[in-house]
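>>> Sequence first, predicted model second:
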Amino acid sequence: MSRARVDALIRLHLAVGVSLSVVCTLMPAGLWHDVLYTFISFGCVAMMVVGIRRHRPPASLGWWVVTAGIVVWAAADVLWAVYNWILHISPFPSPRRCAVPDQLHGHRRRFLVLRAGPAR
C-alpha cells in the first residue's frame, strides 16, 4: 500500500474517530453509549499500534506500555458494561478492588484530602 493511501486512511480514521467522539459525548448514558465508547477506545488502540509500527520511535517500549494500559482500560469498560447492562449487577465492589492493595486506596484518600484543602 502506498504511503499516500496510508496517510489518507489515517486521516479518514481520525475524522471518523472525532465524529464518533462528538456523538458519544452528546448521547445519553446507556448501553449504546457504552458500546460506542468502547469501540472508540479500541479504535485508539488500533491507531496507536499503527503509529508505533509505522514510525518506530526510539522509546517504543514506553509507547507499547501506554497502549497496553489503554487496552486494559477498554477491557475494564467492557467488564463494567457487561455487569451493568447485561447481568444487571451493580459493579460495586468490583473485582478491581481485590487486585489493588488497600495502601493505594489510602494514598488516594490522602490526595483528595490534600486537594480539598485544610478543614475549616
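Sure, I can see it. What you see is a predicted model, and the numbers here were worked out from it, not measured in a lab.

>>> Please list the residues outside stretch 19-39 that contact it.
40, 43, 74, 77-78, 80-81, 84-85 (C-beta atoms under 8 Å, 6 or more residues apart in numbering). All C-beta atoms are positioned from the backbone trio N, CA, C, and that covers glycine.

>>> how about a cut-off of 7 Å?
Applying C-beta atoms under 7 Å, 6 or more residues apart in numbering, the external contacts of stretch 19-39 come out as 40, 74, 77-78, 81, 85.

>>> what about it, average pLDDT?
Average pLDDT, stretch 19-39: 91.

>>> How about stretch 54-66, which residues are buried there?
If you call a residue buried by 16 or more other C-beta atoms under 10 Å, then stretch 54-66 has these buried ones: Trp63.

>>> Restricted to helices, list the contacts of stretch 19-39.
40, 74, 77-78, 81 (DSSP state H).

>>> which of the residues you listed lies closest to Pro91?
Ala81 (9.4 Å; C-beta to C-beta).
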